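**Q** Build me a model from this:
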Amino acid sequence: MPKGGRKGGHKGRARQYTSPEEIDAQLQAEKQKAKEEEEAEEGGDGATGEPKKKEKSLDSDESEEEEEDDEDYQPKHKGVEGMIDIENPNRVAQTAKKVTQIDMESPRELSRREREEIEKQKAKERYMKMHLAGKTEQAKADLARLAIIRKQREEAAKKKEEERKAKDEASSAGKRLQSLSLNK
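**A** Okay, here's the model as predicted:
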């Protein structure tokens, strides 16, 4: 039994192949329609009254919605929506824009996530500037800790120097005693 518990499936069916003649016929029909549309556009759309777009065959893969102009576009209505005229001033009719009509030079609005990401980066940069200047609490704590460590190291260095001097004096005093005792 197939997934989902449904009976039947497509695996046992006979496959249908399109013959080369049918493919050639479809390509010929599409080329002919394209030529007719070009001639209609060059000859003027308004001269005949009705454009030749309505003469589409069912074999064509292109949908009529893609070829209609934006001005002629009317969305399909659901239920009784098409029968009732709605005068809602807040309702905005959605218009489909073609790729050629989109203005790429105008600045586009950033999404919420993009705005938040940029704000986050700017805040991080501001914090790092303040931190390097020593104005943040963490920087102040770091500087205080460094001052304590420096003081400890200075004291350790002084102590070590005093011990070294004391050792030198003791060794020099010992040498003097030896030299005095040898001189006697």
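**Q** Count the neighbours of Arg113 for me.
**A** 8 (other Cβ atoms under 10 Å). The C-beta positions use only the backbone N, C-alpha and C, and glycine is treated the same way.
**Q** Just the pLDDT for it.
**A** On pLDDT, Arg113 comes in at 93.
**Q** Repeat that for Val99.
**A** So Val99 comes in at 73 (pLDDT).
**Q** Could you do Ser106 as well?
**A** 66.
**Q** One more: Gly174?
**A** Looking at Gly174, its pLDDT is 78.
**Q** Could you tell me which helix of the chain is the longest one?
**A** helix 137-183 (DSSP state H).
**Q** ok now it, how far from the chain's centre?
**A** For helix 137-183, the distance from its own C-alpha centre to the chain's C-alpha centre is 60 Å (Cα atoms, centre = their mean, to the nearest Å).
**Q** Against which helices or strands is it packed?
**A** helix 112-133 (3 or more Cβ pairs under 8 Å, 6 or more residues apart in numbering; DSSP states H and E).
**Q** which outside residues touch the helix it packs on?
**A** If you take Cβ atoms under 8 Å, 6 or more residues apart in numbering as the criterion, helix 112-133 is touched by 110, 136, 138-139.
**Q** try 7 Å this time
**A** For helix 112-133, contacts defined as Cβ atoms under 7 Å, 6 or more residues apart in numbering pick out 136, 138-139.
**Q** tell me, what residue is most central in this structure?
**A** Geometric centre of the chain, nearest residue: Glu114, 7.5 Å, by Cα atoms, centre = their mean.
**Q** and it, how far is that from Lys175?
**A** Distance check for Glu114 against Lys175: by Cβ to Cβ, to the nearest Å, it reads 80 Å.
**Q** in this protein, what spans have low per-residue confidence?
**A** 1-10, 12, 44-75, 77, 81, 86, 103-106, 183-184 (pLDDT under 70).
**Q** give me the number of residues near Lys35?
**A** By other Cβ under 10 Å, neighbour count at Lys35 equals 10.
**Q** in what helix or strand does it lie?
**A** For Lys35, the host element (DSSP states H and E) is helix 20-43.
**Q** Check which residues of that helix are buried.
**A** Neighbour-count burial for helix 20-43 flags 33, 40 (criterion: 16 or more other Cβ atoms under 10 Å).
**Q** And stretch 148-165, by the same measure?
**A** Per 16+ other Cβ under 10 Å, stretch 148-165 contains no buried residues.
**Q** before we move on, what SS does Ala93 have?
**A** Following DSSP: H, G, I helix; E, B strand; the rest coil, the label given to Ala93 is coil.
**Q** Lys78 too?
**A** Assigned with three-state DSSP, Lys78 falls in the coil class.
**Q** show me what contacts it?
**A** Taking Cβ under 7 Å, 6+ apart as the definition, Lys78 has no contacts.
**Q** Ala96 versus that one, what's the distance?
**A** Per Cβ to Cβ, Lys78 is found 18 Å from Ala96.
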